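Engineer: Need coordinates for the below:
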Amino acid sequence: MNPDIAQVWEWLDQVPDPEIPVISIVDLGIVRGVVWDGDTLEVAVTPTYSGCPATSIISFDIETAMIDRGIKNTRIKTQLAPPWTTDWLSDKGRAKLEEHGIAPPRTTGGPERCPLCKSENVTRISQFGSTPCKAQWRCTDCLEPFDYFKCI
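Structural biologist: Got it, this is the predicted structure:
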């Protein structure tokens, strides 16, 4: 008998994003669907952007997590449409990003505040950060640099 889909979602919520391991792939919003096709679990995943280097690692991590829980047949379906957007980040994921020093995305184009000291006095250092989906910012009060998750 196949595990309940709700249980599978809970297991997927324990799989960390390889580039930002403080949030799960579910909190990141890239898991788009989970269905049983006979005895094969099909997981639909939308990459954060075309050519994301973590895509193959995420697929491997999903398969490994399911094997660890007794699911022998898992098929990862890459779903490109609709394209991923930062709107799909869960509230829990946004909070976890900020707790770990990464400013969550905002549609206004920049961080609301420094994730470290909470000051609103921030300035962009570079449009490019530690990964392609982040930019580098600095707080002008505590003077600490921090990553900002770009809005896509």
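Engineer: Starting from Arg138, give me the distance back to the closest residue to Gln14 other than its chain neighbours.
Structural biologist: Nearest non-adjacent residue to Gln14, counting by C-beta to C-beta, 6 or more residues apart in numbering: Ser24, 6.4 Å away. C-beta coordinates here come from the backbone N, C-alpha and C atoms, glycine included. Taking C-beta to C-beta, to the nearest Å as the measure, Ser24 falls 28 Å from Arg138.
Engineer: When those two are compared, which one has more neighbours?
Structural biologist: The residue with more neighbours, out of Ser24 and Arg138, is Ser24; 20 against 17, by other C-beta atoms under 10 Å.
Engineer: does that one really touch Gly93, like I thought?
Structural biologist: Yes. Contact criterion C-beta atoms under 8 Å: Ser24 and Gly93 qualify, at 7.4 Å.
Engineer: average pLDDT across the top helix by length along the chain?
Structural biologist: Identified as the longest helix of the chain according to DSSP state H is helix 55-68. Per-region confidence: helix 55-68 scores 96 on mean pLDDT.
Engineer: got the buried residues for the helix or strand following that helix?
Structural biologist: As assigned by DSSP states H and E, the chain's next helix or strand after helix 55-68 is strand 74-78. With burial defined by 16 or more other C-beta atoms under 10 Å, the residues of strand 74-78 counted as buried are 74, 76.
Engineer: Please pull up the helix or strand immediately following strand 74-78.
Structural biologist: By DSSP H and E, the next helix or strand past strand 74-78 is helix 91-99.
Engineer: who touches the residue nearest to Gln14 in this structure?
Structural biologist: 12-17, 93 (C-beta atoms under 8 Å, 6 or more residues apart in numbering).
Engineer: Leaving out chain neighbours, which residue sits closest to the spatially most central residue of the chain?
Structural biologist: Closest to where the C-alpha atoms of the chain average out (C-alpha atoms, centre = their mean) is Leu28, at 2.7 Å. Nearest residue to Leu28, sequence neighbours excluded (C-beta to C-beta, 6+ apart): Asp17, at 5.1 Å.
Engineer: Around that neighbour, count how many other residues there are.
Structural biologist: 20.
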